[in-house]
Each structure stands twice: as C-alpha cells, then as structure tokens.
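Enquirer: below are the sequence and a predicted model for it; my questions follow.
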Amino acid sequence: MSAMPVTRHRSLERRRLGQSLLVTTATLMSLAGLPPAIAWAQPPLTEGVTAASQTAPDVAPVPEAPPDIGPLELLMLSLVNGARIGAELPPLKWDGAMAEAARQHARDMMTRGVVSHSGADGSTPQQRLRRAGVEFRFGSENIWTYWGKVPEEGPRTMHAAMMAEPFRPGLWNHIGNILYAGYKRIGIGIVTAPRGVQYLSEKFAD
C-alpha cells in the first residue's frame with residue numbers, strides 16, 4: 001500500500017519553553033471516512049494495533065549501541081523503545097539497512113525543503129525499503145521536523161509531539177506506528193540542515 005491520499009495542508013506553529021518550533025506544511029490524511037489524522041504518519045501495509053497505553057517512560061536503555069547510529073538517532077531509538085516498554089510491548093531491533101533508507105529520505109527532504117512521504121523520484125516508503133534490500137510483509141514511516149535551537153532537544157521534542165496524538169485501533173498516525181505490536185524492527189535517520197533544522201524519518205517493519 002502506498003501512502004494515504006492527502007486531503008488537507010495547513011501550517012502549525014508550536015512554542016515550547018520559549019523556543020519556537022515550527023512545523024510547516026503539515027500533511028493531514030484520512031482513511032475509511034475517519035477525520036483527518038495527525039501529520040506525516042504513513043500507515044503500515046496491514047492493520048492490527050494491539051498496544052493499550054500511551055504512557056511512556058522517558059527512555060529505554062540500549063544494551064549496546066549499534067555501530068552505525070548517530071547520537072540523536074540513538075536518543076530517538078531509546079525514546080521509541082521506552083514508549084513501547086511502557087505499553088507492554090517488546091522493544092524494536094535496530095536495522096542498519098532500514099536506517100540508511102531513513103537517512104537517505106531525511107536528507108532528500110532536507111535538500112528539497114519539504115516534509116513528505118513521497119521521495120524526489122516519487123517513491124513510497126515501502127519502495128525505498130525494498131530498494132535498500134529490506135524484506136518485510138508490512139511497514140510504515142513517521143516523518144517530522146525540529147526547528148528549535150538546542151540540537152539535543154530535537155528527538156525529545158519530536159517524539160513528545162508524536163506521543164501526544166490520539167491513540168486508538170484503526171487510527172494510523174505517528175503513535176499508532178510507534179505502538180504497533182506487529183513491528184519488530186526500526187531504522188531511524190536524523191539529518192540536520194545548515195541552519196540547524198532537523199529532519200526525521202523513522203522506518204518500521206515486521
């Protein structure tokens with residue numbers, strides 16, 4: 001399944017701790033007649049969320065950091081797995097090939113100055129995973145940006161915004177991807193633009 005059809009665009013401006021967080025051109029999508037969901041969550045190929053809690057611990061310790069992970073990506077991985085552990089779900093395993101696909105898409109978004117599930121060549125998240133040699137039955141993608149002034153706050157700010165979304169079965173948004181019980185692997189790419197804007201892509205797969 002490719003990304004859900006775009007139904008609306010709007011600009012969102014958020015302020016946190018006196019710092020301006022600007023999320024531009026938020027793509028709002030809907031499925032099966034539901035109201036537009038939250039921006040930039042691309043649904044998996046199959047359905048079945050079974051997690052039952054939105055309450056997440058701060059971070060989950062990573063026993064051994066993967067050799068191909070950056071510090072911001074490592075923090076985001078800890079946040080995602082902390083959320084899953086808080087929902088009584090197993091943590092996701094790091095996948096290097098998925099991470100490289102995520103970084104390439106984050107870099108593509110940065111280069112074009114857009115936040116979109118569609119690549120510059122029109123590719124979908126699933127197509128980009130397959131190009132990277134990732135085998136999967138179902139998978140999805142979360143994307144976001146951070147416009148704050150403190151780089152270390154980027155992962156926490158983006159993750160907190162995603163976890164603040166409504167969570168219920170059948171609503172495929174960012175938190176729905178993070179807490180989807182069918183996922184086993186994750187790849188994260190965070191690329192920082194010259195002016196400090198962080199572009200995030202999270203790839204999920206079974």
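Expert: That came through fine.
Enquirer: contacts and neighbour counts: CA atoms only from here.
Expert: Fine.
Enquirer: remind me what the helix or strand that contains residue 162 packs against, helices and strands.
Expert: Secondary-structure assignment from DSSP states H and E places residue 162 in helix 154-163. In terms of contacts (3 or more CA pairs under 8 Å, 6 or more residues apart in numbering; DSSP states H and E), helix 154-163 is packed against helix 71-86, strand 139-146, helix 174-178.
Enquirer: note down every partner strand of the second one and its orientation.
Expert: Using DSSP bridges, the strands paired with strand 139-146 are strand 41-42 (antiparallel), strand 198-205 (antiparallel).
Enquirer: looking at these, which has the lowest confidence?
Expert: Per-stretch averages of pLDDT across the strands paired with strand 139-146 put strand 41-42 at the bottom, with a mean of 56.
Enquirer: now do the strands in this structure.
Expert: Counting by DSSP state E, the chain forms strands over residues 6-16, 19-29, 41-42, 93-94, 139-146, 185-192, 198-205, given from the N-terminal end onward.
Enquirer: and the residue nearest to residue 163 when sequence neighbours are not counted, what does it touch?
Expert: Once its chain neighbours are removed from consideration, residue 163 has its nearest residue in residue 175; the separation is 5.3 Å (CA to CA, 6 or more residues apart in numbering). Residues counted as contacts of residue 175 (CA atoms under 8 Å, 6 or more residues apart in numbering) are 162-167.
Enquirer: which of these ranks first by neighbour count?
Expert: For the contacts of residue 175, neighbours were counted by other CA atoms under 10 Å; the highest total belongs to residue 162, with 23 neighbours.
Enquirer: tally up the residues packed near the closest residue in space to residue 104 that isn't next to it in sequence, please.
Expert: In this structure, residue 104 finds its nearest non-sequential neighbour in residue 189, 7.7 Å apart by CA to CA, 6+ apart. For residue 189, the count of nearby residues is 27 (other CA under 10 Å).
Enquirer: so where's this protein shaky on pLDDT?
Expert: Within the chain, the stretches with pLDDT under 70 are 1-57, 61-63.
Enquirer: the residue nearest to residue 104 touches residue 198, doesn't it?
Expert: No. With the criterion set as CA atoms under 8 Å, residue 189 and residue 198 do not qualify as a contacting pair; they are 10.0 Å apart.
Enquirer: before we move on, the earlier item: among the helices and strands packed on helix 154-163, which is the most enclosed?
Expert: Each of the helices and strands packed on helix 154-163 was assessed for mean neighbour count using mean count of other CA atoms under 10 Å. The highest is helix 174-178, with a mean of 27.
Enquirer: returning to what we had before: which stretch among the helices and strands packed on helix 154-163 comes nearest residue 125?
Expert: strand 139-146 (6.4 Å; CA to CA).
Enquirer: so the closest one versus strand 185-192, what angle?
Expert: 30 degrees (axes from the mean of the first three to the mean of the last three CA atoms, to 10 degrees).
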